[in-house]
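*Asks:* Predicted model and sequence follow; I will ask about them next.
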Amino acid sequence: MINDEICKLRDELNKAIEEEKDYEAIYKLSTDLDRLIAKYYKETSKKQKKDKVLSIT
């Protein structure tokens with residue numbers, strides 16, 4: 001699931017920050033995490049709209 005991917009990537013990012021990894025590695029993890037979060041919200045929004053339409057009919 002996307003939630004699991006987000007948690008895994010968040011943990012990787014936190015570890016990289018704690019270990020003071022290279023800025024570019026941290027930046028890449030951060031942007032990858034941002035993309036996953038955006039994907040999650042997009043999918044959630046679509047599902048909510050679909051559920052709303054189904055509840056009206």
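*Replies:* Perfect, thanks for sending it.
*Asks:* Nearest residue to the middle of the protein?
*Replies:* Computing the C-alpha centroid of the chain and ranking residues by Cα atoms, centre = their mean puts residue 37 first, at 2.6 Å.
*Asks:* and the longest helix seen in the chain, what other elements does it pack with?
*Replies:* Assignment by DSSP state H gives helix 23-56 as the longest helix of the chain. In terms of contacts (3 or more Cβ pairs under 8 Å, 6 or more residues apart in numbering; DSSP states H and E), helix 23-56 is packed against helix 2-18. Every C-beta, even on glycine, is put in place using the N, C-alpha and C of the backbone.
*Asks:* Which residue is the nearest non-sequential neighbour of the residue nearest to the centre of the chain?
*Replies:* residue 6 (6.3 Å; Cβ to Cβ, 6 or more residues apart in numbering).
*Asks:* just for the chain, where's the confidence low?
*Replies:* In the predicted model of the chain, residues 52-57 satisfy pLDDT under 70.
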